[in-house]
Structures are given as structure tokens and as C-alpha cells.
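[1] Sequence first, predicted coordinates after that:
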Amino acid sequence: MRKKIKAVIFDLDGVITDTSEYHYQAWKRLADEEGIPFSRDDNEKLRGVSRSECLKILLNGKQVSAEQFQEMVDRKNEYYVELLRRMTSKNILSGAKELVLDVKKRGIKIAIASVSKNTRTVLRGTGIEDLFDVIADGYSVKNTKPSPDIFLFAAKELGVKPEDCAVVEDAEAGIEAALAGNMLSIGIGPEERVGKARFRFKKIGDITLTKLLEIINF
Ligand code: BG6
Ligand code: MG
């Protein structure tokens, strides 16, 4: 029998905010400029993956110099940051803030663990930076998802054992990281993407506190 979960660690892009769409638009702009075919389907592989890993996937074996690689990574980030400037609380996915607040009120600790180096900007832009007990981002650890390191870092900062944490994730790499970290995995999205999760919901708004409590006390 699993012990009661003491903390919930949320991914950011695609779980709390709709910024995964902005990541897509920024990569698409770069891909179009470079003449690289890139669809929304291709974008699914970039969820939860670090900026440079994303570019490697996008290039799909195409050889570029180290300088060109860095320039492209920087250009994508410029496009992404440009989109982030328009961000408001409307970019919070429906039901996400309510869930986070309900979990917190219940006395369960909450953290953000995203490999994005823009995590703080997104949280500030949407006005929810102060809600979380711990924020782990792309600067917190060296190995990004599917390594469990970012979740283990967040758990340590929260002072909770990994096995007493639940993770809410929309990326395949994120679910793999949660499983590798021995945490309870909750997937958001289609079976093809987060099917390995212990529990799965189509969208964050489908998780109510009652449903979450059923899961985390199982
Ligand atoms: C993740 C996104 O949260 O952050 C990825 O799902 C993104 O798509 C990654 O590549 C890194 O983000 P950033 O902001 O550091 O480029
Ligand atoms: Mg995500």
C-alpha cells in the first residue's frame, strides 16, 4: 500500500500554462526560415525536452556548425520570448490555478519543475509565481527530462521523499522522468503521449481536488 502523497510537482508548459503553443510557434518560425519541414505532430516530440535537444530533433541529422547551432537555438528563444511578452493570466490553462490552490489549501506542498529556462518569466507573466513552495527550472539541474533529476531536486527542496511525491506532466519525457524518480505519475494528454503514466487525464481541467485525492491516497 502506497503511503499518502505529501507533495504534488507540476510541470509548467502544457500543464499549468498554454505556453507549449508558443514553443511550437517559435520553432515553426525557425523551421520555416531554415526550410525544415515541421508539423504540429513533429512538435509533440519536443514536449518536455530541453532547448538544444529540441533543435537536434528538429534538424533530424542535418549537419550544422557549432556556431550555426547556437545561433538557431538563440533565434528560437528570441521568437519565444517575443511571444511571452504578450502573456497574461489568460495563458493559464482552464482549471489549473483552481487545482493548485485547492491542493495547497489541503496542506499538500506544491512545486513547479520545468526544464524551461523561461520558467520564471512565464510564472511572473501569468501572475502565479508566488503560489508555489518551490520552483525548479532549467537552471536547477544539469540533466534534463527524461532524467529524474529536476523532480528529485524539487522533492529535496520541498523536504519530501521522492516516493511521497506525485508528478503532473504532459510530456512523454516527463512521465519517464517521474517513473525513474519513483514518483506517482499523472499524465495530461493522449494515450500515445502519456500512456506510461500511472493515471491519465485528457486535460488539466479534468482533475478536481476530489479526483486527485482519490488517486494520491490509493
Ligand atoms: C519545456 C517545454 O517545458 O521547456 C519544451 O515542454 C522546451 O518544449 C523546454 O523546449 C525548454 O524551454 P526553454 O524555455 O528553456 O527554451
Ligand atoms: Mg510540459
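    Structure received. Numbering: from 1, shown residues only. Ligands and ions are numbered 1, 2, ... in the order given.
[2] What separation do you get for the residue lying farthest from the centre of the chain and ligand 1?
    The C-alpha centroid of the chain is most remote from S65, which lies 29.3 Å away (C-alpha atoms, centre = their mean). Distance, S65 to ligand 1, by C-beta to the nearest ligand atom, to the nearest Å: 21 Å. All C-beta atoms are positioned from the backbone trio N, CA, C, and that covers glycine.
[3] before we move on, what about V168?
    13 Å.
[4] quick one: contacts for V8?
    The contact partners of V8, by C-beta atoms under 8 Å, 6 or more residues apart in numbering, come to 103, 108-111, 165-168, 212, 216.
[5] helix or strand right after the host helix or strand of it?
    Per DSSP states H and E: V8 is located in strand 7-10. As assigned by DSSP H and E, the chain's next helix or strand after strand 7-10 is helix 19-34.
[6] Show me what the next helix or strand after that following helix is packed up against.
    Going down the chain from helix 19-34, the next helix or strand is helix 40-43, by DSSP H and E. With contacts taken as 3 or more C-beta pairs under 8 Å, 6 or more residues apart in numbering; DSSP states H and E, helix 40-43 sits against helix 19-34.
[7] Residue numbers of the protein in contact with ligand 2?
    On the criterion C-beta under 5 Å from the ion, ligand 2 has as its neighbours in the chain the residues 11, 13-14, 170-171.
[8] how about CSV for those, with pLDDT added?
    Below are the residues of the chain next to ligand 2 laid out as CSV (pLDDT from 0 to 100):
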residue, pLDDT
D11, 98
D13, 97
G14, 96
D170, 97
A171, 97
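[9] For the lowest-mean-pLDDT helix or strand in the chain, list every residue counted as buried.
    Averaged element by element with mean pLDDT, DSSP states H and E, the chain has its least confident helix or strand at helix 209-216 (a mean of 91). Using 16 or more other C-beta atoms under 10 Å as the burial criterion, the residues of helix 209-216 that qualify are 212-213, 215-216.
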